[in-house]
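J.: Sequence first, then the predicted structure, then my questions.
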Amino acid sequence: MNKVKKRAFSIRVQKDGPYLVLGPLPLSTETIGANGKGESVRWEKGPAITTGEEYALCRCGRSGSKPFCDGSHGSGFDGTETAVRLPYLEQAALLEGPVLSLTDAESLCAFARFCDPHGRVWNLVHQTDREVARRHFVRETGDCPAGRLVAWDNATGKPVEPEHLPSIALVEDPSRQCSGPIWVRGGVPVISADGVTYEVRNRVTLCRCGESHNKPFCDGTHAEIGFDGRS
């Protein structure tokens, strides 16, 4: 594990092309697991996917060898990056609670829906019982793959984040019968096509259907179009 932490990794967005992954970042599938009500309640880790020291992930959604690029973007894919390049906290709204607080950058929503069970995180933030708040509120915010939602400990003023080693997961969402985004974890830098490094964060989601209006980040459009990211 320590070797993974020390390696230098990055993901470089290619102009109207794929994501070039530099460094042997572990790649796997993560499936959104649901309860009997269809609510997102757990992540189910899939097997590792074999990669090289460098590899290119499809960004247009058209590749015939998903998740890897096969050059299909050359048929006219518009990969123009439209995401705001402000730090997360400048984009996020703050909702203060008695024990924990919540920051929410709605434009980053990847529609994973872990925020909905147990009365929704926007209501759970008002929980006065510290243990209850941590059991549900912290877990649900931490399960948000996009990092749209972040829990904050009022006593320390620090974020309460899940621990992630540098890695990439391909999200599958059987409840919505679609494939989700590319889930980048563990503080991996994402560098734009014009050379600007987006804010390095614990978790972000990158569009892989090619239709996001917040490129390179996911905006949940994959669920609307029923994107199938399986090869």
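T.: Structure received.
J.: rest of the way, CA atoms for contacts and neighbours
T.: OK.
J.: In stretch 87-97, which residues are buried?
T.: Buried residues in stretch 87-97, counted by 16 or more other C-alpha atoms under 10 Å: 88, 91-92, 96-97.
J.: So which of the residues you listed is the closest to Ala146?
T.: Closest approach to Ala146 among those (C-alpha to C-alpha): Tyr88, at 11.2 Å.
J.: List the contacts of the nearest residue to that closest one once chain neighbours are set aside.
T.: Once flanking residues are discounted, Tyr88 sits nearest to Ala105: 7.1 Å by C-alpha to C-alpha, 6 or more residues apart in numbering. The contact partners of Ala105, taken as C-alpha atoms under 8 Å, 6 or more residues apart in numbering, are 88-89, 91-93, 148-149.
J.: any idea how far Ala105 is from Gly119?
T.: Remark: distance between Ala105 and Gly119 (C-alpha to C-alpha, to the nearest Å) = 20 Å.
J.: what do you get for Asp219?
T.: In this view, Asp219 and Gly119 are 23 Å apart by C-alpha to C-alpha.
J.: Could I get the phi/psi values of the residue most central in space within the chain?
T.: Centroid-nearest residue in the chain, with C-alpha atoms, centre = their mean: Thr205, separated by 2.7 Å. Dihedral pair for Thr205: phi -120, psi 130, per degrees, to the nearest 10.
J.: Return the residues in contact with it.
T.: 110, 145-147, 181-184, 217-218 are the contacts of Thr205 under C-alpha under 8 Å, 6+ apart.
J.: at 7 Å instead, please
T.: Contact analysis of Thr205 by C-alpha atoms under 7 Å, 6 or more residues apart in numbering lists 110, 145-146, 181-184, 217-218.
J.: Give me the contacts around stretch 9-22.
T.: With C-alpha under 7 Å, 6+ apart as the test, stretch 9-22 has contacts from 23, 25, 53-59, 69, 73, 77-80, 188-193.
J.: and the lengthiest strand in the chain, what other elements does it pack with?
T.: If you go by DSSP state E, the chain has its longest strand at strand 40-49. Helices and strands touching strand 40-49, by 3 or more C-alpha pairs under 7 Å, 6 or more residues apart in numbering; DSSP states H and E, are strand 27-34.
J.: before we move on, back to that, tell me which of the contacts of Thr205 is nearest to Asn35?
T.: Pro145 (18.3 Å).
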